[in-house]
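Undergrad: Quick one: sequence plus predicted model below, questions after.
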Amino acid sequence: VGAALLEASQLRREFGGRRHRTTAVADLTLTVHPGEAVGIVGESGSGKTTLGRMLVGLLEPTSGTLHYDGRPAHAISRDRQMVFQDPVSSLNPRRSIGESIADPLRAAGDGTDAQIRARVRELLGRVGLEAGSYERYPHEFSGGQRQRVGIARALAPEPRVLVCDEPVSALDVTTQAQVIDLLADLRRELGLALLFIAHDLAVVRQVSDRVLVMRSGAVVEEGPVEVVYGKPQHPYTKALLAAVPVLDPGRAAERRTARRELASTVEQPALSVA
């Protein structure tokens, strides 16, 4: 497998004051290798988004260590970028999408203005948008197109790790599939390590080599996708999978039976699965 690209050891994040503390992530250990796609799944409040923000340096851990390429990595770095859930709120409505994509390049002093503009147009083409879109504004694009803009901006600094936080949850099913295919293509072409955070188990299965199931800030199950989905071990994972709707009446009946059996061992998740 080779050396790890990203290593989190006993990572912990707490919020609140001295008297009232809430643990969002509890002593979590995670290893990601170059080019690997890791799915992180769990219902709301599981800590998955907090984990993602720590992995890219947007949040400082309360304790624990994070290493990138063998070096301490708590600060924000161009090597680790994030694609956010809501592309609308992450784009400045008063600036063209080209200028938004160019921001990290200008901040790093990566070339002349002409070189940066050329790089942005190249990125627009890579994510399936026309190079002439540079001067257009966010409101002129559909939700799926805005998410492509967000992906282009995350790719601008040429990261090796891309953390995607619910990147398709606000999109319709057809657009979801297009964005998922785009991420898979980019991963293959650029050799990106991809961390895909989602509540949708079906989406995570499509994208990932390995999956972590989180509950209350901790990983309750981890393994290759085919193993976790095919032979889940933890009652919570079984409950999540039993909550996924299916069209086949026979399988649906099996799922209902499984949910009843699990009800006595684990609180049923309030997970909405598309």
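TA: Alright, I've got the coordinates.

Undergrad: what's the host helix or strand of A107 packed up against?
TA: For A107, the host element (DSSP states H and E) is helix 97-108. Here helix 97-108 touches helix 113-126, helix 143-155, going by 3 or more Cβ pairs under 8 Å, 6 or more residues apart in numbering; DSSP states H and E. (Each C-beta comes from the backbone N, C-alpha and C, glycine too.)

Undergrad: relative orientation of that helix and helix 113-126 in degrees?
TA: 130 degrees (axes from the mean of the first three to the mean of the last three Cα atoms, to 10 degrees).

Undergrad: I would like the residues contacting helix 97-108, please.
TA: Residues outside helix 97-108 that contact it (Cβ atoms under 8 Å, 6 or more residues apart in numbering): 78, 91-92, 111, 116-117, 119-121, 123-124, 133-138, 141, 149, 152-153, 156-157.

Undergrad: Also stretch 24-33?
TA: So stretch 24-33 is contacted by 1-15, 38, 47, 50-51, 54-55, 61, 64, 161, 193, 195, 212, 216-219 (Cβ under 8 Å, 6+ apart).

Undergrad: So among those, which ones count as buried?
TA: 4-8, 11-13, 38, 47, 50-51, 54-55, 61, 64, 161, 193, 195, 212, 217, 219 (16 or more other Cβ atoms under 10 Å).

Undergrad: mind listing which of these are in strands?
TA: 6-8, 11-13, 38, 64, 161, 193, 195, 212, 219 (DSSP state E).

Undergrad: For the helix holding A107, buried residues please.
TA: Those would be I97, G98, E99, S100, I101, A102, P104, L105, for helix 97-108 by 16+ other Cβ under 10 Å.

Undergrad: what's the closest of those residues to T237?
TA: P104 (37.0 Å; Cβ to Cβ).

Undergrad: Return a selection command, for use in PyMOL, containing the buried ones of the contacts of helix 97-108.
TA: Only the buried members of the contacts of helix 97-108 enter the following PyMOL selection, criterion being 16+ other Cβ under 10 Å:
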select buried, resi 91+116+117+119+120+121+123+124+133+134+136+137+138+141+149+152+153+156+157
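
Undergrad: returning to that earlier point: mind exporting the C-alpha coordinates of the helix holding A107 to PDB?
TA: C-alpha atoms of helix 97-108 as PDB (Å, rounded to 0.1, in the frame of the first residue of the first chain):
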ATOM      1  CA  ILE A  97     -16.800  32.700 -10.600                       C
ATOM      2  CA  GLY A  98     -13.500  33.000 -12.400                       C
ATOM      3  CA  GLU A  99     -12.200  35.400  -9.800                       C
ATOM      4  CA  SER A 100     -13.500  33.100  -7.000                       C
ATOM      5  CA  ILE A 101     -11.500  30.200  -8.500                       C
ATOM      6  CA  ALA A 102      -8.500  32.500  -8.900                       C
ATOM      7  CA  ASP A 103      -8.400  33.600  -5.200                       C
ATOM      8  CA  PRO A 104      -6.200  30.800  -3.900                       C
ATOM      9  CA  LEU A 105      -3.800  31.300  -6.800                       C
ATOM     10  CA  ARG A 106      -3.500  35.000  -6.200                       C
ATOM     11  CA  ALA A 107      -3.100  34.500  -2.500                       C
ATOM     12  CA  ALA A 108      -0.200  32.200  -3.200                       C
END
